[in-house]
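Undergrad: Attaching a predicted model along with its sequence, questions to come.
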Amino acid sequence: MLKLTDDGAKITLQGQSPAADNGLFWFGTALLVGAVAVALAMSLLPERLAIGALALLIIGSFIFNRQRQQRKKTMSGVISSGVLWVRDGELVHDHQGKRAHIHLTAGDKITLIGEQLQIVDCDDILKYLISGFDNIQEATAAKAILQGQALSKRHANIKMSDE
């Protein structure tokens with residue numbers, strides 16, 4: 001839903017939010033299973049193998065956490081639900097009580113791909129992918145406002161016949 005404001009527009013995105021990150025749950029589960037395995041190894045295996053099992057648990061948890069952080073970082077640029085306040089060169093994304101202020105630089109390029117808005121930096125690296133617009137007109141209006149074009153509300157003329 002698009003509503004024009006004095007300095008831009010307010011757009012309610014209708015897309016589904018990205019899948020919830022339950023990586024912390026899986027990390028905790030893997031850590032628990034690994035700790036039980038290491039405890040068993042310490043009671044059944046010689047000292048060197050038990051220390052090796054503990055080292056594997058530490059390295060495995062480090063790698064798992066690093067992969068989770070990378071996934072979280074790549075998903076931070078995907079916007080598909082919430083309220084988007086669009087102004088000239090600036091976006092404010094309000095989703096579940098969290099507000100993210102996004103300022104575009106002079107080298108950023110905004111392209112329209114179907115009903116999605118893609119923002120890339122001067123090196124063609126994807127910064128944001130915005131979807132969830134109701135229709136192509138909302139996406140086009142958001143692109144125009146971000147690029148500094150002014151939009152105005154249309155007024156309908158109603159003519160009545162004499163019959």
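TA: Received the coordinates, thanks. Everything quoted here is computed from the prediction, not taken from an experiment.
Undergrad: where exactly do the helices run in this protein?
TA: 23-44, 47-75, 136-146 (DSSP state H).
Undergrad: What helices and strands are in contact with the last one?
TA: Counting contacts by 3 or more Cβ pairs under 8 Å, 6 or more residues apart in numbering; DSSP states H and E, helix 136-146 is packed against strand 2-4, strand 8-14, strand 81-87, strand 109-113, strand 116-120. C-beta here means a position set from N, CA and C on the backbone, and glycine is covered the same way.
Undergrad: could you check the angle strand 81-87 makes with the last one?
TA: Angle, strand 116-120 to strand 81-87, by axes from the mean of the first three to the mean of the last three Cα atoms, to 10 degrees: 60 degrees.
Undergrad: hey, C-alpha coordinates of strand 116-120 in PDB?
TA: Output in PDB follows, covering the C-alpha atoms of strand 116-120 (Å, rounded to 0.1, in the frame of the first residue of the first chain):
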ATOM      1  CA  GLN A 116      11.700  -5.900  -7.000                       C
ATOM      2  CA  LEU A 117      14.000  -3.000  -6.300                       C
ATOM      3  CA  GLN A 118      17.700  -3.800  -6.400                       C
ATOM      4  CA  ILE A 119      20.300  -1.400  -5.000                       C
ATOM      5  CA  VAL A 120      23.900  -2.000  -5.900                       C
END
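Undergrad: ok so, going back, I'd like to know which of the helices of the chain is closest to Ile113.
TA: Evaluated over the helices of the chain, closeness to Ile113 peaks at helix 136-146, with 9.0 Å, by Cβ to Cβ.
Undergrad: quick one: buried residues of that closest one?
TA: For helix 136-146, a neighbour-count test (16 or more other Cβ atoms under 10 Å) marks Glu138, Ala139, Ala141, Ala142, Lys143, Ala144, Ile145, Leu146 as buried.
Undergrad: I'd assumed Asp108 was in contact with the fifth one.
TA: Spelled out, that is Lys143. No: contact criterion Cβ atoms under 8 Å: Lys143 and Asp108 do not qualify, at 11.8 Å.
Undergrad: before we move on, back to that, mind checking which of the helices and strands packed on helix 136-146 is nearest Ala35?
TA: Closest to Ala35 of the helices and strands packed on helix 136-146, according to Cβ to Cβ: strand 81-87, at 37.3 Å.
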